[in-house]
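Q: with the sequence up front, the predicted model follows.
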Amino acid sequence: MGVSMTALLDAAGVIPVLTVGDIGQAAPLARALKAGGLSVIEMTWRTEAALDVMKAMKAAEPGMIVGMGTIRTPDQAEASIAAGADFLVSPGLTPKLLPALLASGVPVLPGVATAGEAMTAAEAGFEVLKFFPAEQAGGLPYLKSLQGPLPDIRFCPTGSISRERAPDYLALPNVVCVGGSWIASQAMIEGGQWETVEANARAAAAMRT
Ligand code: 3PG
């Protein structure tokens, strides 16, 4: 494993979570995010084009660090690495997926939503955990409550976090970064609203602590 997940996410601050269905959107999207100051992104595997879009974004902006998200199976993990994913993100952990993620050779951000799941993931050796779906699973108060009993476990909350709420999450001592689709929503991507994406990326980059 080259760069650690902690180092990668510390540098990221805010991670755009992207769902892209058309490869033609990859290059302008990558350029807009980069121009706004964000270069670590999560590409969700929720469209058939996801792997190709990831490759195209990296080709358009070679400095971009692209993680493949919504990983649910060992096969998806393997295919993502083969396609050049820099890191992997999962919405949760399963007995089959956990060893595959550990063996993947790249940084991994596994999803958890409870104290018990966080303890299992930390025991397995994962450094930073995706708290998902953040707002629905308890939000800021829940993460604050984990700080006492689990002070060594750090999180990247994701799930319905708005631009307005993101700074509150980033201010928590056990939060390394936040993820969200507000920077580049599906509507913005489909509508080619690259100036809006760039402006949102700039606002997100300014939240980095
Ligand atoms: C995720 O998959 O991480 C979330 O769905 C991010 O998107 P949201 O900010 O729209 O919840």
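A: Sure, I can see it.
Q: show the contacting residues for I71.
A: Going by Cβ atoms under 8 Å, 6 or more residues apart in numbering, I71 touches W45, A77, S80, L88, V89, S90, L97, L101. From N, CA and C alone the C-beta is placed, and that goes for glycine too.
Q: repeat that for Q193.
A: Q193 neighbours (Cβ under 8 Å, 6+ apart): A187.
Q: of the contacts of I71, closest to the ligand?
A: Nearest to the ligand, judged by Cβ to the nearest ligand atom, of these is V89 at 7.3 Å.
Q: give the contact list for the closest one.
A: E42, G67, M68, G69, T70, I71, V108, L109, P110, G111, K130 are the contacts of V89 under Cβ under 8 Å, 6+ apart.
Q: quick one, phi psi at it?
A: phi -130, psi 140 (degrees, to the nearest 10).
Q: apart from its neighbours in sequence, what residue is nearest it?
A: In space, and not counting its chain neighbours, V89 is closest to G69: 3.8 Å by Cβ to Cβ, 6 or more residues apart in numbering.
Q: just the pLDDT for the residue sitting nearest the centre point of the chain.
A: For the chain, E42 is the residue whose C-alpha lies nearest the centre (Cα atoms, centre = their mean; 4.4 Å). Looking at E42, its pLDDT is 97.
Q: that one - that's part of a strand, no?
A: Yes: the assignment for E42 is a strand, going by DSSP: H, G, I helix; E, B strand; the rest coil.
Q: correct me, but it touches V17?
A: Yes: E42 is within contact range of V17, at 4.8 Å (criterion: Cβ atoms under 8 Å).
Q: now the common contact residues for those two.
A: Common neighbours of E42 and V17 (criterion: Cβ under 8 Å, 6+ apart): G69, G179.
Q: would you reformat the contacts of I71 as JSON lines and include pLDDT and distance to the ligand?
A: Formatted as JSON lines, these follow (pLDDT from 0 to 100; distance: Cβ to the nearest ligand atom, whole Å):
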{"residue": "W45", "pLDDT": "98", "distance to the ligand": "10"}
{"residue": "A77", "pLDDT": "98", "distance to the ligand": "16"}
{"residue": "S80", "pLDDT": "98", "distance to the ligand": "15"}
{"residue": "L88", "pLDDT": "97", "distance to the ligand": "13"}
{"residue": "V89", "pLDDT": "98", "distance to the ligand": "7"}
{"residue": "S90", "pLDDT": "98", "distance to the ligand": "10"}
{"residue": "L97", "pLDDT": "98", "distance to the ligand": "16"}
{"residue": "L101", "pLDDT": "97", "distance to the ligand": "16"}
